[in-house]
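Student: Sequence first, then the predicted structure, then my questions.
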Amino acid sequence: MNVSHKQQPRVVTIFFFFCLLYSIIVARLCLLQLKNTHFFSKLGSQQYHLTVTHVPPRAAIVDRTGNNFLAINKDCISAFIVPNNMSEPERVHNFLKEQFPSAHERLLKHPSAQFMYIKRRLSDEQQHRIESANIPDLPLLHESSRYYPVPSLGPTIGITDIDNHGLMGIERHCEKQLAGTPTTQLLEKDARSGCYYFSKQTTVAGTQGSPIQLSIDCDLQFLAQQEVQATHQKHTAKCCSAIIMNPENGEILTLISTPHFDPNQTNEIDIQTTRDIPIADAHEPGSVMKIFAALAAIEENVVTPDEPIDCKNAKTAKVNGRTVNTVKAHGIIPFADVVAFSNNIGTATVSSRLGIMLYDHYTRLGFGEKSGIGLPGEHAGVVNPPHKWSKQSPLSLSYGYEIAATPLQIACAFCVIANNGHSVRPTIIMHAGENKTRKIEQPLYSPRSINTIKDILSRTVEHGTARAARINGYTVMSKTGTANLIERGNYNPHKNIFTCAGIVEKGDYRRVIVVSVREIEAVGKYASTVAAPLFGNIARKMVIHDRIV
């Protein structure tokens, strides 16, 4: 085809235009394929590669029998929206504004979010409201949450957060074992429809959570809880606690604190009710410590149980130049009766012979350090060390002041007596295949000293301050203690903590019980009439439950 002279410039222009356009396309392709290769490869991969993480169900917590659950999983319902992809946004806004105002505020702040929870763990009423609204943009989601069949163990078992991670107690202490590890899988899907999967590859192999078995006896926990709750209500106490231990192997059978929070109702929790009192609360135990001061004195041969001790026949007397008060006046009585009748003057007279050896014996028994149970929140307690002593200190220590101990520490010390001088490490988590005997082989005290202390404890129950702890047909060895509480730097005689600790025996059967009652409404009361009856009531139910006849 011939091109006229006038058309040649136009043809040349069109030719160069297409050449330029072609060059731009080639340059663009080179830019896309060479310089941005990684970006588009990643974009393409995202269209057909999908990473999925599977979280295993949280493992259960069971009691010593393995048949009673203390923490299990249950289904709960949550509601969510996808703010950047709503078909009826106006209806959603109106509904949330009326029914879930806090969620509506979050939606206004994040209108383009890819995912947002409306409310997790919906109540039945909230779920019904959402379902009745019939809004397609408000789907419901099934999730897992925790349920605790024994609420009285709330301070011990603890709780999980909204994502089922342990927050406190056993749930937190054993988080790794209970939670396991998630499994991550890489899926290849049809990039166009997203409905078909070509392969599945596990990139991270997870593990299932392992159940935790506690030494707690669920039935005994319930029976003891009834008695503690009854005492709490009877005396209008600020708080009460009880612990039962098997001295043979250190297993804790009950741990009770009242008041306690309900782990199934965590919307409003009083932080004070989350304390596991037998483990976390250390206090001056009062006259309970006299039994350990007596043990130290007998072991060091500074006194014999029959030695006459002059108690001055007064409620107030001087011992080594320091004033000592006692509840009831006694004259010259055997040392065994000094402890049985809980006379402070006689106790201080004998313990003054020990000097700093008293401190050594208290620490030998485990006071002033953690027990080794390993639970979070355990209090180590305090024993006033000799370099901080005043002239009053060795006297005060003998009858339970200038020392702070938890009920667990007191229970462990009584286990030494129950185990004929052997100490025991407490445990609440049972491990498969573990040796049942957890006693430390080397005895802390001679058989002579232990047998003498057992006789004194029995005498205390027979005609001393712990008579209310007596059980017909069983050997009960117990000691009470009433201690004033400090308020604004001074001891308040009208605010007390009442403690009763001891051993229940029959044949080969032995159990250690420690109970405490804090700040009752009435004044002028003592542990003999407040804590000792609680000890006796728990012990009676315990031996019936354990079928000890």
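Tutor: Noted; the coordinates are in hand.
Student: Out of the helices and strands in the protein, which is least certain?
Tutor: Lowest mean confidence among the helices and strands of the chain (mean pLDDT, DSSP states H and E): strand 197-204, at a mean of 57.
Student: Next secondary structure after it?
Tutor: Later in the chain than strand 197-204, the nearest helix or strand by DSSP states H and E is strand 212-214.
Student: Dump the helix or strand immediately after that next one in the chain to CSV, keeping only the CA atoms.
Tutor: Counting by DSSP H and E, the next helix or strand C-terminal to strand 212-214 is helix 218-234. Taking Å, rounded to 0.1, in the frame of the first residue of the first chain, the C-alpha atoms of helix 218-234 are listed here in CSV:
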residue,chain,number,x,y,z
CYS,A,218,-13.2,-34.0,97.5
ASP,A,219,-15.7,-35.6,100.0
LEU,A,220,-13.6,-34.7,103.1
GLN,A,221,-13.2,-31.2,101.7
PHE,A,222,-17.0,-30.8,101.6
LEU,A,223,-17.5,-32.2,105.1
ALA,A,224,-14.8,-30.0,106.7
GLN,A,225,-16.1,-27.0,104.8
GLN,A,226,-19.5,-27.5,106.4
GLU,A,227,-18.0,-27.2,109.9
VAL,A,228,-15.7,-24.3,109.0
GLN,A,229,-18.7,-22.4,107.5
ALA,A,230,-20.8,-23.2,110.6
THR,A,231,-18.2,-21.8,112.9
HIS,A,232,-17.7,-18.8,110.7
GLN,A,233,-21.4,-18.0,110.9
LYS,A,234,-21.8,-18.9,114.6
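Student: what ranges of the chain fall below the confidence cut-off?
Tutor: 1-7, 31-54, 185-206, 432-441 (pLDDT under 70).
Student: can you pull the contacts of residue 228?
Tutor: Residue 228 sits next to 240, 241, 242, 256, 258, 515, 534, 538 when contact means C-beta atoms under 8 Å, 6 or more residues apart in numbering. Glycine gets a C-beta too; all of them are placed from N, C-alpha and C.
Student: change it to 6 Å
Tutor: 240, 242, 256, 258 (C-beta atoms under 6 Å, 6 or more residues apart in numbering).
Student: For the third one, give me phi and psi.
Tutor: In this entry, residue 256 is assigned phi and psi values of phi -130, psi 130 (degrees, to the nearest 10).
Student: In space, what's closest to it - neighbours in sequence excluded?
Tutor: Closest residue to residue 256 apart from its sequence neighbours, by C-beta to C-beta, 6 or more residues apart in numbering: residue 242 at 4.3 Å.
Student: where does that neighbour land in three-state SS?
Tutor: Assigned by DSSP: H, G, I helix; E, B strand; the rest coil, the conformation of residue 242 is strand.
Student: I figured it hits residue 515, correct?
Tutor: Yes: with contact defined as C-beta atoms under 6 Å, residue 242 reaches residue 515; the gap is 4.6 Å.
Student: Farthest pair within the contacts of residue 228?
Tutor: 242 and 258 (8.9 Å; C-beta to C-beta).
Student: So which of those two has more stuff around it?
Tutor: More crowded of residue 242 and residue 258, by other C-beta atoms under 10 Å: residue 242, with 28 against 21.
Student: any idea how far that one lies from residue 223?
Tutor: Residue 242 is 11 Å from residue 223, where distance means C-beta to C-beta, to the nearest Å.
Student: repeat for residue 280
Tutor: Distance from residue 280 to residue 223, by C-beta to C-beta: 23 Å.
Student: that's a strand at residue 122, yeah?
Tutor: No: with three-state DSSP as the criterion, residue 122 is assigned coil and is not in a strand.
Student: That one against residue 77, yeah?
Tutor: Yes: counting by C-beta under 6 Å, residue 122 does reach residue 77; the two are 4.8 Å apart.
Student: roughly how far is the lengthiest helix in the chain from the heart of the chain?
Tutor: Counting by DSSP state H, the longest helix found in the chain is helix 8-30. Here helix 8-30 is found 78 Å from its chain centre; the criterion is C-alpha atoms, centre = their mean, to the nearest Å.
Student: and what of stretch 300-307?
Tutor: 42 Å.
Student: distance between the ends of that stretch?
Tutor: Taking C-alpha to C-alpha, to the nearest Å as the measure, stretch 300-307 stretches 15 Å from start to finish.
Student: Likewise for stretch 383-394?
Tutor: 11 Å.
Student: Show me what counts as buried in it.
Tutor: Neighbour-count burial for stretch 383-394, counted by 16 or more other C-beta atoms under 10 Å, picks out 383, 384, 389, 392, 393, 394.
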